[in-house]
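Visitor: A structural model of the following input is requested.
(one chain, ligands or ions: 1)
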Amino acid sequence: MSFPEIQQANVSYETESRPKTHIVKAAHGFAFEVKKGEHFRVVDLYGEQVVDFAAWVQGTNLREKLSMAYTRFRLNGVTPAVGEYLWTNNDDPILKLVEDTVKVHDMTFMSCFPKMYEKEGRPGHRSCASNIAEAMEPHGMKDHLDVTDPFNIFQNTPNYSLKRLGSSKPGDYVEFEAMQDCICACSSCPYDAEGFNGGKITDIAIVTGVPAKA
Ligand SMILES: [Zn+2]
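Guide: Got it, this is the predicted structure:
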């Protein structure tokens, strides 16, 4: 997949860095660091793939983090519109939503977790909580119990309905601007029951160093 819009924008890009695309394997996780002011995208490459997303403020030993409870409070329970923020458990903006080609996301569900699959008779199944914990291990995370509630990007689950209502199409993305230096982690959600995630878990992409639009 190419990102012609990004490549064209390089002409006026004022710093040395260039957009960098990282493919996150289907049903796996990835962690990445972004600097304050940096823009990055979370891209659904093949459509209908939920991305569990979490973030921590650098230099806080993973204590200050993206909090969906604080975000729900600040946004009156409604997922952020373009120009609105995700908030930390210290009541500060951590990320600003600057583009969104889908506008359907979830901020009520936890990440799928190992015991959930165990109870469904599928022990050892990959989970978002474990994916994020694994990706965050180099940053000091011990295990999936340290994983915070996620912003579930591209997840269309009104009233806790876990069925195939996928709304994202191939190439859809959200773009954030970091309000602080932070460590982000994401997971290509491995939940594959009842056609969820389009019935087939797929790769996603993280693009860092995206030039801000003038
Ligand atoms: Zn999941």
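Visitor: per-residue confidence for the residue sitting nearest the centre point of the chain?
Guide: With distances taken as C-alpha atoms, centre = their mean, the residue of the chain nearest its centroid is Phe53 (2.7 Å). We have a pLDDT of 98 for Phe53.
Visitor: hang on, it in a strand?
Guide: Yes: Phe53 forms part of a strand when assessed by DSSP: H, G, I helix; E, B strand; the rest coil.
Visitor: which bits of this structure sit near the ion?
Guide: Residues of the chain lying near the ion by C-beta under 5 Å from the ion: 112, 128, 189, 191. To be clear about C-beta, it is placed using only N, CA and C from the backbone, and glycine gets the same treatment.
Visitor: so which of those belong to helices?
Guide: Using DSSP state H, Cys128 are the members of those that sit in helices.
Visitor: and Val82, how many neighbours?
Guide: The local packing of Val82 (other C-beta atoms under 10 Å) involves 12 other residues.
Visitor: sec struct for it, please.
Guide: What three-state DSSP gives for Val82 is coil.
Visitor: show me what contacts it?
Guide: Neighbouring residues of Val82 by C-beta atoms under 8 Å, 6 or more residues apart in numbering: 97-100.
Visitor: what subset of the residues you listed is buried?
Guide: By neighbour count, with 16 or more other C-beta atoms under 10 Å, those hold 97-98, 100 as buried.
Visitor: just send those back as CSV, with secondary structure and pLDDT too.
Guide: Output for the buried ones among the contacts of Val82, formatted as CSV (DSSP: H, G, I helix; E, B strand; the rest coil; pLDDT from 0 to 100):
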residue, secondary structure, pLDDT
Leu97, strand, 98
Val98, strand, 98
Asp100, strand, 98
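Visitor: A helix includes Gly166, no?
Guide: No: with three-state DSSP as the criterion, Gly166 is assigned coil and is not in a helix.
Visitor: run a quick neighbour tally on Asn76.
Guide: Counted with other C-beta under 10 Å, Asn76 comes out at 6.
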